[in-house]
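Student: coordinates only, no sequence provided:
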Ligand SMILES: Nc1ncnc2c1ncn2[C@@H]1O[C@H](COP(=O)(O)OP(=O)(O)OP(=O)(O)O)[C@@H](O)[C@H]1O
Ligand SMILES: Nc1nc2c(c(=O)[nH]1)N=C(CO)CN2
């Protein structure tokens, strides 16, 4: 297990997994454009993009989501990556209203190398990743062997441990 309270400066690229979600507006277009944005950053190389899934909302009553995941190699530190993703969310008109409420775009850092990051505004691995089918199913498609540094289980193992209704998460298209 590798615990880091912060990575101050990257002298090499680190692998990271990002979850994307949207349930307001033209969600699939938004997500596709967000992937274009992510890969246009000089500090980022896109490795893989999962399929897109239509998923039932967890939380308050709201429209279905489109969800997916990407893996990247990046020179961004975890905090720089969080700021970069926050800027993209804002560009797509994201407003923070209610917790777990509807949003045009949500970008979460799920994993960053094999590091455990515990900052006030940033927890990696994402604290809810192990219970979210809408994260683990797309992520297992593109990074099944990645080890969660907290449980030392692979993404595939975590996915297989999930209890979820198969009708609540439907693959709709490739990235
Ligand atoms: N791994 C992470 N990825 C993205 N944001 C994170 C992470 N860990 C902590 N945060 C913090 O979570 C804050 C709230 O995020 P956000 O508004 O997207 O929450 P949410 O999408 O409603 O809920 P959830 O975090 O459960 O998906 C962000 O401002 C960020 O500082
Ligand atoms: N299906 C689904 N449900 C959610 C999602 C999401 O991306 N997909 N995001 C949430 C808050 O981040 C809350 N609930």
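Tutor: Yep, that arrived. In this text, all values refer to a predicted model and were calculated from it rather than measured experimentally. Numbers count the residues shown, from 1 in each chain. Ligands and ions are numbered 1, 2, ... in the order given.
Student: show me what from the protein comes close to ligand 1.
Tutor: 82, 96, 99-100, 106, 108-109, 121-124, 126, 128 (C-beta under 6 Å from any ligand atom). Backbone N, C-alpha and C define where each C-beta goes, glycine included.
Student: repeat that with 5 Å
Tutor: Neighbours of ligand 1 within the chain, by C-beta under 5 Å from any ligand atom: 106, 108-109, 121-124, 126.
Student: what bridges to the residue nearest the centre of the chain?
Tutor: Central residue of the chain (C-alpha atoms, centre = their mean): residue 19, 1.6 Å from the mean position. Beta-bridge partners of residue 19, counted by DSSP bridges, are residue 69, residue 108.
Student: enumerate every residue touching residue 68.
Tutor: Taking C-beta atoms under 8 Å, 6 or more residues apart in numbering, we find residue 68 in contact with 19-20, 31, 49-53, 138, 175.
Student: going by distance to residue 162, which of those wins?
Tutor: For the contacts of residue 68, the closest approach to residue 162 (C-beta to C-beta) belongs to residue 138, at 12.7 Å.
Student: quick check: that closest one vs residue 70, distance?
Tutor: 9 Å (C-beta to C-beta, to the nearest Å).
Student: over to residue 25?
Tutor: Distance of residue 25 to residue 70, given as C-beta to C-beta: 20 Å.
Student: and if you look at residue 8?
Tutor: In terms of C-beta to C-beta, residue 8 sits 25 Å off from residue 70.
Student: these two: which is more packed in?
Tutor: Between residue 8 and residue 70, counting by other C-beta atoms under 10 Å, residue 70 is the more crowded of the two (27 against 8).
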